[in-house]
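A.B. asks: quick one: sequence plus predicted model below, questions after.
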Amino acid sequence: KRHKFWETQPVGQFKDIGNTSLPEGPIEPPLPLSDVKQEPYNLPTLYEWITCDISSEEMCNEVFNLLANNYVEDDENMFRFNYSMEFLRWALQPPGYFRSWHIGVRVKSSKKLVAFITGVPARIRVRDDIVNMAEINFLCVHKKLRSKRLAPVMIKEVTRRVHLENIWQAAYTAGVVLPTPIATCQYWHRSLNPKKLIDVGFSRLGARMTMSRTIKLYKLPESTITPGFRKMEIRDVPAVTRLLRNYLSQFVVAPDFDENDVEHWLLPKENVVDSYLVESPETHEITDFCSFYTLPSTILGNQNYSILKAGYSYYNVSTKTPLLQLMNDALIIAKQKDYDVFNALDVMHNESFLKELKFGPGDGKLHYYLYNYRIRQALNPAELGLVLL
Ligand SMILES: CCCCCCCCCCCCCC(=O)CSCCNC(=O)CCNC(=O)[C@H](O)C(C)(C)COP(=O)(O)OP(=O)(O)OC[C@H]1O[C@@H](n2cnc3c(N)ncnc32)[C@H](O)[C@@H]1OP(=O)(O)O
Ligand SMILES: CCOC(=O)c1cnc2ccc(OC)cc2c1SCCC#N
């Protein structure tokens, strides 16, 4: 497949796969800031750039609506991600964020928002290298403006603005195959509301299975079973940071979280992120941690339901409680909160609990990418300690 844009970019190229003589690390060196293009890339005549202030209710609502109607759908067009406004503010305003990396495209005449792309700063460790990167997300072009080569312009513009902050690497994920994935992961789904998932056509009644038998199969206890299992609070940030940093150190690619990052990304936020930990009833030591984020989806073309309430496994650490038991408590919490499904990627140690906790494999893949950073050989999902939103 010809990748006319991606073949011009400092990313692993398909032709280089297997060429282990190429060094691991940055592909191109940083430039002096004076060499970075000072003015925005040209857009087609009818359109203009707009820097989106996500703090503004009106702007955030415009972004919400663009994504709600034009963002990612599954291959069967059964679902479309429906990121909430509070989720977008959480995802886009981490410590040290740059408003200039929240980039929109408007129609000059109508001022209608028709495209969007974002970056947020993140310190990502790759093996022993800690790299300041941009995490790129929410690339979206209105359905009516597709296949006009707008995406490469959006990507070049966010690249330019990231370069202006002296950052030269990026991390991103996509369901599509581009040059060149550093890892390819699989989604797994754990039904919490099997009747709804069957009704919308995602799941099917198993052979020789009745609906009541299916509901019973996925039934969970009313309450969590681990002694000392409780919601994370702000006073837990130092202990959770220690626990998480130690746990993530075993993976090839992982965020280098400090306490500020943990406070932003992992403190519970209603309808956005849920975090629980195990505080030993004897020693009061914090021994385990689990978290999931809330990303609903619009259900496309179903008479009975319009929204799918989905939880997504985020960061989990087990040092005393078996991961299987910890994640079962996470499922119990999600069911208590009326989630329809709990999703997880096969990253980190997730493989160890998926089948036993009755997750089923999805048909979607998620490819991880680094920009301007070569990894000699693609990683196994279990070597990834990074979850993007
Ligand atoms: C140092 C800093 C660096 C910062 C930047 C780092 C890189 C960040 C990269 C971005 C990371 C985003 C991560 C993220 O947000 C998470 S992945 C979600 C992406 N968004 C969606 O799928 C929403 C629905 N689809 C759309 O809105 C459009 O189809 C999009 C906008 C996707 C493409 O619009 P279009 O109207 O359908 O297509 P054209 O404009 O005609 O352009 C075609 C070219 O775009 C390439 N393409 C298609 N999908 C892509 C994708 N998901 N990533 C990268 N490239 C993608 C495609 O391969 C082709 O290039 P090629 O000819 O070379 O093959
Ligand atoms: C019921 C299981 O599927 C999903 O939860 C779901 C929901 N919404 C989506 C929107 C766009 C979409 O595009 C790939 C996929 C989904 C999926 S499956 C992949 C995400 C996970 N887990």
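C.D. replies: Thanks, I have the structure now. Ligands and ions are numbered 1, 2, ... in the order given.
A.B. asks: quick one: the helices in the stretch 1-150 of the chain, in order.
C.D. replies: With DSSP state H, counting those that start in this stretch as the criterion, the stretch 1-150 of the chain has helices at 57-70, 85-92, 150-164.
A.B. asks: can you list the residues of the stretch 51-200 of the chain near ligand 1?
C.D. replies: Neighbours of ligand 1 within the stretch 51-200 of the chain, by CB under 6 Å from any ligand atom: 70-72, 134, 136-141, 146-152, 155, 158-159, 162, 168-170, 172-174, 176, 178. C-beta here means a position set from N, CA and C on the backbone, and glycine is covered the same way.
A.B. asks: just the buried ones from those?
C.D. replies: 70-72, 134, 136-141, 150-151, 155, 158-159, 162, 168-170, 172-174, 178 (16 or more other CB atoms under 10 Å).
A.B. asks: if we can go back for a sec, so which of the helices of the stretch 1-150 of the chain gets nearest Tyr218?
C.D. replies: helix 85-92 (26.0 Å; CB to CB).
A.B. asks: could I get the helices of the stretch 1-150 of the chain as a markdown table with distance to Glu279 and mean pLDDT?
C.D. replies: As requested, the helices of the stretch 1-150 of the chain are exported to a markdown table (distance: least, CB to CB, whole Å; pLDDT from 0 to 100):
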| stretch | distance to Glu279 | mean pLDDT |
| --- | --- | --- |
| helix 57-70 | 36 | 98 |
| helix 85-92 | 25 | 99 |
| helix 150-164 | 40 | 99 |
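A.B. asks: now those helices in JSON lines, with distance to ligand 2?
C.D. replies: Formatted as JSON lines, the helices of the stretch 1-150 of the chain follow (distance: least, CB to the nearest ligand atom, whole Å):
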{"stretch": "helix 57-70", "distance to ligand 2": "11"}
{"stretch": "helix 85-92", "distance to ligand 2": "14"}
{"stretch": "helix 150-164", "distance to ligand 2": "17"}
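A.B. asks: I'd like those helices written out as TSV, with distance to Tyr312 added.
C.D. replies: Output for the helices of the stretch 1-150 of the chain, formatted as TSV (distance: least, CB to CB, whole Å):
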stretch	distance to Tyr312
helix 57-70	16
helix 85-92	11
helix 150-164	24
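A.B. asks: of those helices, which approaches Gly18 most closely?
C.D. replies: Of the helices of the stretch 1-150 of the chain, the one closest to Gly18 (CB to CB) turns out to be helix 150-164, at 26.2 Å.
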